[in-house]
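*Asks:* got a sequence here, can you model it:
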Amino acid sequence: MKTNKSYTKRIKVTKNGKLVARNPGRNHFNAKQSGRKRQQLRRGNNLVLSQRIIRRFLPGLKVQKTTA
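*Replies:* Predicted coordinates for the structure are as follows:
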């Protein structure tokens, strides 16, 4: 099965197998945001995806199993 490329471009897998994605709202019009808000948006957003989604869109990916 092929990997869904739109998913792989948006998601990074950490060393421990966790998924991290970029926070939305950082493209433009950031000058009016407070410095604190901009700083919070710099951090990655941890994703929790079901095993079904991972199997379907990211078949070759080694992802840590979550117990959620």
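*Asks:* so who does the spatially most central residue of the chain touch?
*Replies:* Closest residue to the average C-alpha location of the chain: residue 21 at 2.0 Å, with C-alpha atoms, centre = their mean. Contacts for residue 21 (C-beta atoms under 8 Å, 6 or more residues apart in numbering) come out as 10, 11, 12, 44, 45, 47. For the C-beta atoms, the positions are set from N, CA and C on the backbone; glycine is no exception.
*Asks:* pick out the one among those with the largest number of neighbours.
*Replies:* residue 11 (18 neighbours; other C-beta atoms under 10 Å).
*Asks:* where in this structure is pLDDT low?
*Replies:* 66-68 (pLDDT under 70).
*Asks:* show me the helices in it, by range?
*Replies:* Secondary structure of the chain by DSSP state H: the helices cover 5-10, 35-42, 51-57.
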